[in-house]
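> here are the coordinates; sequence isn't available:
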C-alpha cells in the first residue's frame, strides 16, 4: 500500500450574501513514527478570482490549515483540513471571519468560558423541488413530517444516515439529527456531548460545523441530491430552515 495520502483542504469563499464551501486535494507523505499534527499540513494557495476573493490580475490567496479531522470518505490515513484564507502579504482576508472570532477569544473571550452549539437545518432538493415532493403541486400539509418515521413522512434518510456515520468516523462532535417540519427538510446538531475529554471550545465547535457541512454536501453528491441552507426555501406557509 502506498504511503502517499490525501488531504482535502477546505475553506469558506467570498460569495455574497451567503458564502460557499470550497475544497481542493493535496497529496502528502505523513510521518509513520508519530501521530499527525496540524504542523504537518503546509500552507497552500488558490485562485481567488474564481472564488470571489481576489481580482484577476492579482488572484493568489493563501490557505493556512487551522484544524483537521480524519477523512471518512477516503479512509485511514487521509484527512479533511479546514483552512483560513489570507492575502499574499499575510494579512487576513476580509472573508476570513474565523480570524475575527480568534481575535475576540484571544482578547478576553476565552476567559468567559463560552459554551455554544449549533442546530443546522437544511433542505434536500431534487430536480428543482424539495426531495419527496410530487412533480406537480405540493405534498400533504405539514404536521406528520417533524421527527417522522416511514416513507410517507420523510425523504432522504439514506443521505442523512450516511452523513451522520461519516461525521462520527471523522471525529466531528456530531450530537444528533432529526427530520424537520417540512418534507425533505432535516437538521443536525454539533456541540458538547458530555465528554470532558473532547475540546468543546468555541473555535472547535465552529470548525466542526463547517466540516460537517462539507461532508453533507459531499455525501449528497453521491445521491445526486442538492443541499440548501436557505432560511426560507419554499414560499408560503411552509416551514423555514435556519440555524
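Received it, and whenever you're ready, just let me know what you need. Small disclaimer: the values here were computed from a predicted structure and weren't measured.
> would you map the helices across the protein?
Listed in chain order, the helices of the chain (DSSP state H) span 97-106, 157-170, 202-222.
> just the ones you listed: most buried one?
With neighbours defined as mean count of other C-beta atoms under 10 Å, the helices of the chain peak in mean count at helix 202-222, which reaches a mean of 20. To be clear about C-beta, it is placed using only N, CA and C from the backbone, and glycine gets the same treatment.
> what separates that helix from the chain centre, distance-wise?
2 Å (C-alpha atoms, centre = their mean, to the nearest Å).
> any idea of the mean pLDDT for that helix?
Average pLDDT, helix 202-222: 98.
> helix 97-106 and that helix, what's the angle between them?
Here helix 202-222 points in a direction 160 degrees away from that of helix 97-106 (axes from the mean of the first three to the mean of the last three C-alpha atoms, to 10 degrees).
> excluding its backbone neighbours, what's nearest the most centrally placed residue in the chain?
In the chain, the residue lying closest to the centroid (C-alpha atoms, centre = their mean) is residue 213, at 2.2 Å. Excluding the flanking residues, the one nearest residue 213 by C-beta to C-beta, 6 or more residues apart in numbering is residue 21, at 6.2 Å.
> these two touch, right, the residue nearest to the centre of the chain and residue 120?
Yes - assessed by C-beta atoms under 8 Å, residue 213 is found in contact with residue 120 at 6.8 Å.
> other residues contacting the longest strand along the chain?
In the chain, assigned by DSSP state E, the strand with the most residues is strand 60-70. Identification of contacts with strand 60-70 by C-beta atoms under 8 Å, 6 or more residues apart in numbering yields 7, 9, 11, 36, 38, 41-48, 51, 53-54, 76, 78-88, 90, 93, 98, 169-172, 203-204, 207-208, 211.
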